[in-house]
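S.K.: got a sequence here, can you build the structure:
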Amino acid sequence: KNHGPLANRISLDSPEIALHEFGHARSHKEKTWTSKLYALGAISGLGSAILSLFGMQKLATVVAAIGSIPMLLEERRASQYAEEFLRQQLPKEQADKAALVLKRAFRTYLYGAAATVAKPMVMGFLDHMQQQKQKKALSHAG
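M.R.: Okay, the predicted model is just below:
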């Protein structure tokens with residue numbers, strides 16, 4: 001377990017996280033649409049980065065956002081399966097603590113998706129600002 005300044009970190013060997021991973025296995029066994037499209041998140045992240053390199057920031061943002069949806073929903077589903085199991089097995093107070101661990105872990109996926117979507121948005125904004133600066137410089141020069 002984590003101690004000291006690392007006490008707030010999520011331990012990868014915690015029972016909650018292991019049950020979350022079993023939740024993924026259950027989801028794959030049930031062939032949910034989120035499990036089938038989970039890889040779309042990684043593929044869309046790569047596609048978004050490539051589009052961004054070619055200056056297509058708006059399309060890159062849309063691709064990143066659309067790809068993040070099944071990944072985030074699948075991560076939430078896996079945590080819900082884990083939470084359901086924990087609520088059946090543990091007293092309410094312990095189950096509530098375990099659910100908080102799962103919620104903290106989910107936020108890491110949420111932040112990652114937000115960063116993937118925000119990157120081309122910010123690049124587009126910076127490109128726009130640079131173009132405005134160049135236009136202004138050209139109008140003053142002419």
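
S.K.: C-alpha from now on. contacts and neighbour counts both.
M.R.: OK.

S.K.: any stretches of the chain with poor pLDDT?
M.R.: Along the chain, segments meeting pLDDT under 70 span 1-13, 142.

S.K.: what's the longest helix in this structure?
M.R.: Counting residues, the longest helix in the chain under DSSP state H turns out to be helix 92-141.

S.K.: what about Tyr81, neighbour count?
M.R.: For Tyr81, the tally of surrounding residues (other CA atoms under 10 Å) stands at 18.

S.K.: can you pull the contacts of it?
M.R.: Applying CA atoms under 8 Å, 6 or more residues apart in numbering to Tyr81 gives the contacts 19-20, 23.

S.K.: tabulate the CA atom coordinates of stretch 86-100 in PDB.
M.R.: Output in PDB follows, covering the C-alpha atoms of stretch 86-100 (Å, rounded to 0.1, in the frame of the first residue of the first chain):
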ATOM      1  CA  LEU A  86     -18.500  -5.100  -3.700                       C
ATOM      2  CA  ARG A  87     -21.900  -3.900  -2.500                       C
ATOM      3  CA  GLN A  88     -23.100  -7.500  -2.400                       C
ATOM      4  CA  GLN A  89     -20.000  -8.700  -0.400                       C
ATOM      5  CA  LEU A  90     -19.200  -5.800   2.000                       C
ATOM      6  CA  PRO A  91     -20.900  -3.800   4.600                       C
ATOM      7  CA  LYS A  92     -22.200  -0.400   3.400                       C
ATOM      8  CA  GLU A  93     -19.400   1.600   4.900                       C
ATOM      9  CA  GLN A  94     -16.600  -0.500   3.400                       C
ATOM     10  CA  ALA A  95     -18.500  -0.700   0.000                       C
ATOM     11  CA  ASP A  96     -18.700   3.100   0.000                       C
ATOM     12  CA  LYS A  97     -15.000   3.400   0.600                       C
ATOM     13  CA  ALA A  98     -14.300   1.000  -2.200                       C
ATOM     14  CA  ALA A  99     -16.600   2.900  -4.500                       C
ATOM     15  CA  LEU A 100     -14.600   6.100  -3.800                       C
END
